[in-house]
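In: Any chance you can model this:
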Amino acid sequence: MNLGIHKFAKLIRIKKMELTTDFYLGDCKEQLKLLPDNSVDLIVTSPPYADQRKNTYGGIHTDKYVEWFLPISEQLLRVLKPTGTFVLNIKEKVVEGERSTYVMELILEMRKQGWLWTEEFIWHKKNCYPGKWPNRFRDAWERLLQFNKDKKFNMYQEEVMVPMGDWAKSRLKNLSNTDKIRDNSKVGSGFGKNISNWLDRDKAYPTNVLHLATECNNKNHSAAFPEELPEWFIKLFTKEYDTVLDPFMGSGTTLTVAKRMIRNSIGIEIIPEYFEMVKKQFNTIELTLFEPTVENEKTKSERRYTIR
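Out: Predicted coordinates for the structure are as follows:
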C-alpha cells in the first residue's frame, strides 16, 4: 500500500520564537530522507519488537530484524546532530525457551555504521504483573540503549537529579576518616569516592535504572509508553527549542511531552489510524501562553496550522 507523503505541521509563534510539531505519514525509512542532515538533537523511539504487534505493524522475524532496522538507523545517523543522542527502547524475544540475540547483533552492526554505543539504561516496570514460565520468570524490564555520533554530546545531568533519600540520614551522620578523603578503588580501576562530598546536599545523581510504571494516559495504542520515559531523556539531553524526533510515533507520547517541555518535535507514523489520532489530539491541545517580558507586548501567541 502506497501511503504517499503527507505532512501535518503545527506552528506556534511565541515572542519571535517558533515552536513546531511536524507529523509525517508513511514508512520512516523513506520519510526520514526528507529531513536535513544534522538537524535533530534527540531521537527517542520504540520500534516494533521482533514478531510482535503483527496485527498492526506486520511483525518482523528475529532473523530479519537487523536487516530491516539498519536502513532506518543509517538515516537516523544522518539527521542527528554531532552533539545529539539516540535512545532506542527495545527488548529481545524469547524463542523456544532461549533468548534471541537480535538486539546484540543490532548493536554490533550499528557500531559498524558509525554509531557509538555509549550507555544502556534499564526501564524497570515497577507495576509489572507477576508470572513465570517453566524455565524463567516474567521480565519486568526493557532496554533503553543510548547511541551517539561523537563522544562529546550534550548532556544536562543536573536536570534529572533526585532527592538524596533516607540513606543519607544514617550514612552521613557519623563519617569516618576514610569517608572524608578520596577512597580510591581497591582494584585499580581509577574510580574513587569521597562520601563527605554529599554533606548538606538535597539531591544526588540517579543511576541508569529508571523505575517507571507501565501505566500511560493513552489507551488507544498497543505499545504506548508512559510520558515519564521520554520526559526523563528530554530533560537529560535537550534544552528548550531543541528538536526531538520519534520515527515510530505511535500514539504520539514523545511529541506530546516535547511540546509541553517547549521542544520542537517530529513524528513519523506508518499506520493512518494512529497518524489521524495524533493529529486530532494536537488540534485539541490547549496552548500555553507565556507572560510578556516587555510592557504592552501582545499576550496572545500566533497559531498557524498547515497540511502539506
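
In: In contact with the closest residue to P163 other than its chain neighbours, which residues?
Out: Spatially, and ignoring its direct neighbours in sequence, P163 is nearest to K203 (6.1 Å; CB to CB, 6 or more residues apart in numbering). For every residue, glycine as well, the C-beta is placed using N, CA and C. For K203, the contact set (CB atoms under 8 Å, 6 or more residues apart in numbering) comprises M161, V162, P163, M164.

In: from these, which is closest to P48?
Out: Using CB to CB, V162 comes nearest to P48 of these, at 31.9 Å.

In: count of neighbours near P134?
Out: Applying other CB atoms under 10 Å, we find 5 residues neighbouring P134.

In: First-to-last residue distance for stretch 94-114?
Out: One end of stretch 94-114 to the other measures 29 Å (CA to CA, to the nearest Å).

In: again with stretch 92-100
Out: 6 Å.

In: For it, what does the pLDDT average out to?
Out: Per-residue pLDDT over stretch 92-100 has a mean of 79.

In: contacting residues around that stretch?
Out: 49-52, 62, 101-104, 133-136.

In: in what helix or strand does I262 lie?
Out: Counting by DSSP states H and E, no helix or strand carries I262.

In: Give me the domain ranges for this protein.
Out: 6-160+213-285, 162-204 (automatic domain parsing).

In: Check which element follows the host helix or strand of I266 along the chain.
Out: Per DSSP H and E: I266 is located in strand 264-269. Scanning forward in sequence from strand 264-269 by DSSP H and E, the next helix or strand is helix 272-284.

In: Run the angle between that following helix and strand 264-269 for me.
Out: Put simply, helix 272-284 runs at 150 degrees to strand 264-269, going by axes from the mean of the first three to the mean of the last three CA atoms, to 10 degrees.

In: Put the alpha carbons of helix 272-284 into CSV.
Out: This file holds the C-alpha atoms of helix 272-284, laid out as CSV (Å, rounded to 0.1, in the frame of the first residue of the first chain):
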residue,chain,number,x,y,z
PRO,A,272,-3.0,6.1,9.0
GLU,A,273,-5.4,5.5,12.0
TYR,A,274,-2.6,6.4,14.5
PHE,A,275,-1.5,9.3,12.4
GLU,A,276,-5.0,10.8,12.4
MET,A,277,-5.5,10.1,16.1
VAL,A,278,-2.3,12.1,17.0
LYS,A,279,-3.2,14.9,14.6
LYS,A,280,-6.6,15.2,16.2
GLN,A,281,-5.0,15.2,19.7
PHE,A,282,-2.8,18.1,18.8
ASN,A,283,-5.6,20.0,17.2
THR,A,284,-7.4,20.0,20.6
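
In: Can you list the helices and strands that it packs against?
Out: Packing partners of helix 272-284 (3 or more CB pairs under 8 Å, 6 or more residues apart in numbering; DSSP states H and E): strand 6-14, strand 17-25, helix 253-260, strand 264-269.

In: Could you rerun that using 10 Å?
Out: Counting contacts by 3 or more CB pairs under 10 Å, 6 or more residues apart in numbering; DSSP states H and E, helix 272-284 packs against strand 6-14, strand 17-25, helix 253-260, strand 264-269, strand 302-307.

In: I'd like the average pLDDT over it.
Out: 85.

In: With stretch 233-251 instead?
Out: According to the model, stretch 233-251 has a mean pLDDT of 96.

In: quick revisit: so of the domains of the chain, which one's packed in deepest?
Out: Greatest average neighbour count among the domains of the chain goes to domain 6-160+213-285 (a mean of 18), per mean count of other CB atoms under 10 Å.

In: returning to that earlier point: which two among the contacts of stretch 92-100 are spaced furthest apart?
Out: Among these, M104 and P134 lie farthest apart (CB to CB), at 24.3 Å.

In: Let me have the contacts of K203 in CSV, extended by pLDDT, distance to V44 and secondary structure.
Out: Converted to CSV, those look like this (pLDDT from 0 to 100; distance: CB to CB, whole Å; DSSP: H, G, I helix; E, B strand; the rest coil):
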residue, pLDDT, distance to V44, secondary structure
M161, 91, 20, coil
V162, 85, 20, strand
P163, 85, 25, strand
M164, 76, 28, coil
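
In: so after the longest helix along the chain, what's the next helix or strand?
Out: In the chain, assigned by DSSP state H, the helix with the most residues is helix 65-79. As assigned by DSSP H and E, the chain's next helix or strand after helix 65-79 is strand 80-90.
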